[in-house]
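Colleague: I'd like to go over a predicted model; first the sequence, then the structure.
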Amino acid sequence: MRITIIQGSPREQANTDKVARFLEEQLGQNKAVTATQFLDIRSFNFPNWGMGEVSKEDLALFQSGLIDADGLLFVIPEYNGRVPGAFKNTLDYFRSEYKKKPMAIATVSAGSFGGVNALYDFRDWAHYVEGILSPTKLLVSKVGNLFNEQGVPVEEHFNLNYPKFLDDFIWLTEKIAK
């Protein structure tokens, strides 16, 4: 099974990237996962929809990451109670690629609510594009304190929740991929 991880923070020093890379590493250790692809929206500087030329190479690369995947794992921060505009803008370049595609969402926040508002925002979008969203979510609170100096997560709730989150996503993806 092929999984594409989409890192949705446009910030250079994004903690969201650390969470996404950690989840990618965990997926890579699962026998059911044959390949992962990492799409970082910071690498795709798509102009606002309809307001400029887009690199055909970037469009093709991002599109193939969506099409070739059996499942899509989105890791996004909450900005002002929503998903980041740059993330949403990137997703808007595509539509049919999401239809009936298994999806999972991990939201990230520096605060104590784990990006729950971004979760709700994303769920509405996922239903609109007819993706199949895993009911198991991963809310990552106080992300600045999540990892120790060696990059190992030290937060108890995260360590209890991320394995089930990934297992449920893999289960969903396997069921739909058949």
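Modeller: In hand now; what should we look at?

Colleague: avg pLDDT for the longest helix anywhere in the chain?
Modeller: Determined from DSSP state H, the single longest helix within the chain is helix 156-177. For helix 156-177, mean pLDDT rounds to 96.

Colleague: helices or strands up against that helix?
Modeller: Counting contacts by 3 or more CB pairs under 8 Å, 6 or more residues apart in numbering; DSSP states H and E, helix 156-177 packs against helix 15-28, strand 71-77, strand 102-108, strand 138-140. Glycine gets a C-beta too; all of them are placed from N, C-alpha and C.

Colleague: could you pull out the buried residues of the shortest one?
Modeller: Burial within strand 138-140, assessed by neighbour count using 16 or more other CB atoms under 10 Å, is assigned to 138, 139, 140.

Colleague: list the beta-bridge partners for the residue nearest the centre of the chain.
Modeller: By CA atoms, centre = their mean, the chain has its centre lying nearest to residue 74, at 1.2 Å. Note on residue 74: beta-bridge partners residue 6, residue 105, judged by DSSP bridges.

Colleague: what does the one 5 residues further on give?
Modeller: Beta-bridge pairing of residue 79, defined through DSSP bridges, involves residue 82.

Colleague: neighbours of it, just the number please.
Modeller: A count of nearby residues for residue 79, using other CB atoms under 10 Å, gives 20.

Colleague: least confident secondary structure element in the chain?
Modeller: Ranked by mean pLDDT, DSSP states H and E, the weakest helix or strand in the chain is helix 85-91, scoring a mean of 92.

Colleague: surely the residue nearest to the centre of the chain meets residue 108?
Modeller: No: counting by CB atoms under 8 Å, residue 74 stays clear of residue 108, with 10.7 Å between them.

Colleague: overlap in contacts, these two.
Modeller: Common contacts of residue 74 and residue 108 (CB atoms under 8 Å, 6 or more residues apart in numbering): none found.

Colleague: quick one: contacts for residue 112?
Modeller: 141, 142.

Colleague: apply 6 Å and report the result again.
Modeller: residue 141 (CB atoms under 6 Å, 6 or more residues apart in numbering).

Colleague: now do residue 33
Modeller: 1, 3, 27.

Colleague: again, only this time at 10 Å
Modeller: By CB atoms under 10 Å, 6 or more residues apart in numbering, residue 33 lies in contact with 1, 2, 3, 24, 26, 27, 70, 71, 166, 170, 173.

Colleague: and for the nearest residue to residue 18 once chain neighbours are set aside, the neighbour number?
Modeller: In space, and not counting its chain neighbours, residue 18 is closest to residue 147: 6.1 Å by CB to CB, 6 or more residues apart in numbering. Residues near residue 147, counting by other CB under 10 Å, number 17.

Colleague: residue 147 against residue 17, yeah?
Modeller: No: here residue 147 lies out of contact with residue 17, judged by CB atoms under 10 Å, at a distance of 11.4 Å.
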